[in-house]
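In: Next input, structure requested:
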Amino acid sequence: MTSDPVQEIKERLDIVDVIKEYIKLEKAGSNYRAQCPFHSEKNPSFFVSPSRQIFHCFGCGEGGDMFEFIKKIEGVEFGDALKILADRAGVELKEQDPRMKTKRNKMQEICELSCQFFEKQLEGSSKGKKAKKYLKGRGISEESIERWRLGYAPDQWRSLLNFLSNKGFKTKNIVKAGLVIKKQDGKTYDRFRGRIMFPVFNLNGEVIGFGGRVFEQDKTAKYMNTPNTLLYDKSKVLYGLDKAKVAIRKKDQAILVEGYTDVILASQVGYENVVATSGTALTSKQLKILKRYSDNLLVAFDMDVAGSTATRRGIDMAQEQGFNIKVVSMPEDSDPADIVSEDEEQWESLVENADSIMEFYIKNAFSQFNDETPEGKEKISNRVLPAIKRIPNEITKAHWIQELSDRLGVDEESIKRELGKIEVEQEQDEEEEEKEEKSREEKLEERVLALILQDPSLIRKVKSEHLDHFTDKSRKILKAIEKNVSEEEVVEEIKKELEGDAIEHLDYLALKSDVMEEEKLEEEVEVCLKELCSSSVKEQLNKIANAIKKAEKKGDKEKVEKLVNKFNNLAQDLNSL
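Out: A predicted model of the protein is given here:
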């Protein structure tokens, strides 16, 4: 086995298995296909090649090996991606490996040691034992306490700070991890004191933050959460997803609740596909993460249409992202934790009989207003039409227009006219990065190479005059194809003659070739070569035209004459093309 940890990980792991942990893949010939997790799209353009161990999205351009995927999907540096994949592969990393020395890694160590500290306090301190008794009184079992690593933060000003300091961590780093507060006068103290501690985990089960809950009469806030840190971004984190992701994919359904205890108790009775928002209203980022696992979402918290604006906005965003949403209607003044601990059968019935989001909105609106009066009809439509407007699928939208029309006793055209007047605020994607658009020449060049890789004999169509319009990297690939045209495994043979970026580029082109559906290969290669040459000549003509203008301003008649002749010769070449 190689001593290089990166190569060893690649030998042990398959990129398909790695990516399947995050998104749903479906077989597409010899490759796998999915909707891209890095940008919004309706038609899947994200492909994974098991033979080449790479991924590429032909929509947004993201691509690379399994390390690049983990870096992008987890939002981490290479060292953290290395650790994540090493843990998964069972590869031991040496501490002195410089790629491991990251800020995130140090902060994760602080969070993990803090979790161990809180766990020990729950078991060993007198107040901790009271906290544990409270948890058991809520119905949380000993097994769940261990599984979810629940703990207790002593009601002291510096107990955790002193513990971590004795372990060699600097106060400034403990502050950055969100576990200690530093006042303007320089004084420091523990953020969490006298609270039951719920560790928050990332998708790999590593502790990245905490939620703290008081369990005795106290004037302070009932819940307190870790602030945003390098590890913990509450707008992205879903509590319990590390344990629920497999069940969500298996059941093709996620149940969304509000609290930590809701998740723990639901999982305790067999509902492993339950997650909670992490101290925040439902966000677009959380929804995008959930969508990697399932398009079906059950919401089990207060969905009173007249209630929380933030809650309704979260549901609106889920509709915009194309989720199939159902609402688990909770009894008044109850939450999932209460119901699960008191009556498991009731919880099961509520989940099984959940209403679709549109059915919920319609039922709710009709229960509040009189559908026999014009005023009532108007108020009902004002409640329901914005939700219909957000439905991305036109067939589904048409169904609910017809449904509302029937229930109100109003013709569909009137409903459609009112729907046309409604403007809904669309969620802006904060994470969408602007990618540098490839030039027309680059796209044509890539297409020619991908087509030839489908049928290497088409290399005969590339003449010497064409080569001037390709980049050095592509020329090397073309020459290598020509040399190995008769070989059965052309791509693998070509790789032997390339190095560095050219090999990565070849892998990308080979994947592009695999997913292309082109019947008239020879004809398409000829067209693309012609277009590539024309585009290149046009670019040269533009440059010469600009040079002529500059020479004319300077009064350099001799240079103008030379440039005009060159321009005319190129223009003739363009006409011949």
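In: Show me where the stretch 1-150 of the chain has its helices.
Out: If you assign secondary structure with DSSP state H, counting those that start in this stretch, the helices in the stretch 1-150 of the chain sit at 5-12, 15-20, 66-74, 78-89, 103-124, 126-137, 142-147.
In: Select, out of those, the one closest to residue 37.
Out: If you check each of the helices of the stretch 1-150 of the chain against residue 37 by Cβ to Cβ, helix 66-74 wins as the nearest, at 6.2 Å. No exception for glycine: its C-beta is placed from N, CA and C like everyone else's.
In: Which neighbouring elements make contact with that closest one?
Out: helix 5-12, helix 15-20, helix 78-89 (3 or more Cβ pairs under 8 Å, 6 or more residues apart in numbering; DSSP states H and E).
In: Deepest-packed of these, please.
Out: Comparing the helices and strands packed on helix 66-74 on average neighbours per residue, with mean count of other Cβ atoms under 10 Å, the densest one is helix 78-89 at a mean of 20.
In: Give me the distance from it to the chain's centre.
Out: If you compare the mean C-alpha spot of helix 78-89 with that of the full chain, they lie 18 Å apart, counting by Cα atoms, centre = their mean, to the nearest Å.
In: tell me which strands and helices it is in contact with?
Out: Counting contacts by 3+ Cβ pairs under 8 Å, 6+ apart, helix 78-89 is packed against helix 5-12, helix 66-74, helix 103-124.
In: CA-only coordinates of the first one, as CSV, when you get a sec.
Out: Written as CSV, here are the backbone C-alpha positions of helix 5-12 (Å, rounded to 0.1, in the frame of the first residue of the first chain):
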residue,chain,number,x,y,z
PRO,A,5,-2.5,9.2,2.2
VAL,A,6,-4.3,10.8,-0.7
GLN,A,7,-3.5,7.9,-3.0
GLU,A,8,-4.3,5.4,-0.3
ILE,A,9,-7.7,7.0,0.3
LYS,A,10,-8.4,6.9,-3.5
GLU,A,11,-7.5,3.2,-3.6
ARG,A,12,-9.9,2.4,-0.7
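In: can you put the helices and strands packed on helix 78-89 in CSV and add distance to residue 535?
Out: Shown next, in CSV, are those (distance: least, Cβ to Cβ, whole Å):
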stretch, distance to residue 535
helix 5-12, 38
helix 66-74, 30
helix 103-124, 44
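In: what about those helices, which gets the closest to residue 489?
Out: Among the helices and strands packed on helix 78-89, if distance is taken as Cβ to Cβ, the winner is helix 5-12, at 19.8 Å.
In: what's the angle from the closest one to helix 78-89?
Out: Following axes from the mean of the first three to the mean of the last three Cα atoms, to 10 degrees, one obtains 40 degrees for the angle between helix 5-12 and helix 78-89.
In: Mind checking the helices of the stretch 1-150 of the chain for the one nearest to residue 369?
Out: Here helix 126-137 is closest among the helices of the stretch 1-150 of the chain (Cβ to Cβ), at 42.5 Å.
In: List of residues touching the closest one?
Out: Taking contacts as Cβ atoms under 8 Å, 6 or more residues apart in numbering, the residues outside helix 126-137 that touch it are 121-123, 142, 145, 150-152, 154-155, 194, 196, 215-216.
In: among those residues, which ones are buried?
Out: Neighbour counting with 16 or more other Cβ atoms under 10 Å marks 121, 122, 145, 150, 151, 152, 154, 155, 194, 196, 215 as buried within the contacts of helix 126-137.
In: beta partners of the fifth one?
Out: Pointing back at residue 151 there. With DSSP bridges as the criterion, the beta-bridge partners of residue 151 are residue 197.
In: Does it touch residue 119 like I think?
Out: Yes: the criterion here is Cβ atoms under 8 Å, and residue 151 meets it with residue 119 at 4.5 Å.
In: Residue 200 - that's part of a strand, no?
Out: Yes: membership of residue 200 in a strand is supported by DSSP: H, G, I helix; E, B strand; the rest coil.
In: hang on, the earlier thing: any chance of the contacts of helix 126-137 in TSV with distance to residue 349 as columns?
Out: Converted to TSV, the contacts of helix 126-137 look like this (distance: Cβ to Cβ, whole Å):
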residue	distance to residue 349
121	39
122	34
123	37
142	28
145	28
150	29
151	34
152	35
154	42
155	41
194	38
196	30
215	30
216	34
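In: Out of the buried ones among the contacts of helix 126-137, which comes closest to residue 109?
Out: Relative to residue 109, and with distances defined as Cβ to Cβ, the nearest of the buried ones among the contacts of helix 126-137 is residue 151, at 16.9 Å.
In: list the contacts for that closest one?
Out: Under the criterion of Cβ under 8 Å, 6+ apart, the neighbours of residue 151 are 115, 117, 118, 119, 120, 121, 122, 128, 196, 197, 199.
In: Give me the distance between it and residue 441.
Out: Taken as Cβ to Cβ, to the nearest Å, the spacing of residue 151 relative to residue 441 amounts to 60 Å.
In: contacting residues around residue 112?
Out: Shown here is residue 112, whose contacts under the criterion Cβ under 8 Å, 6+ apart are 206, 207.
In: What pLDDT does the model give it?
Out: Predicted confidence (pLDDT) at residue 112: the value is 96.
In: how about the helices of the stretch 201-350 of the chain, start to end?
Out: Read by DSSP H, counting those that start in this stretch, the stretch 201-350 of the chain holds these helices, from start to end of the chain: 241-251, 260-268, 284-291, 309-320, 336-342, 344-352.
In: and of the helices of the stretch 1-150 of the chain, who's closest to residue 375?
Out: With Cβ to Cβ as the criterion, residue 375 lies closest to helix 126-137 of those, at 49.7 Å.
In: what is the orientation angle of the closest one with helix 103-124?
Out: Counting by the same axes, to 10 degrees, helix 126-137 points 90 degrees away from the direction of helix 103-124.
In: Rounded mean pLDDT for helix 126-137, please.
Out: When pLDDT is averaged over helix 126-137, the result is 94.
In: What residues of that helix count as buried?
Out: For helix 126-137, the neighbour count (16+ other Cβ under 10 Å) marks 127, 128, 131, 132, 135 as buried.
In: can you tell me which of the buried ones among the contacts of helix 126-137 lies nearest to residue 516?
Out: Taking Cβ to Cβ as the measure, residue 516 sits nearest to residue 150 out of the buried ones among the contacts of helix 126-137, at 52.8 Å.
In: quick one, what contacts that closest one?
Out: Residue 150 sits next to 119, 122, 135, 140, 144, 196, 197, 198, 199 when contact means Cβ under 8 Å, 6+ apart.
In: Burial check on residue 14, number of neighbours?
Out: Other residues near residue 14 number 13, with proximity taken as other Cβ atoms under 10 Å.
In: Hmm, it is touching residue 54, no?
Out: No: at 12.0 Å, residue 14 and residue 54 do not qualify as touching, with contact defined as Cβ under 8 Å.
In: Who are the contact partners of residue 491?
Out: Under the criterion of Cβ under 8 Å, 6+ apart, the neighbours of residue 491 are 453, 506, 510.
In: Ok, residue 204 next?
Out: By Cβ under 8 Å, 6+ apart, residue 204 lies in contact with 74, 84, 87, 88, 242.
In: Quick check: the first one vs residue 468, distance?
Out: For residue 74, the distance to residue 468 equals 43 Å [Cβ to Cβ].
In: Between those two, which has more neighbouring residues?
Out: Neighbours per residue, other Cβ under 10 Å: of residue 74 and residue 468, the larger number sits with residue 74, 16 against 9.
In: The more buried one contacts residue 80, correct?
Out: Yes: A contact is recorded between residue 74 and residue 80 when judged using Cβ under 8 Å, the distance being 7.1 Å.
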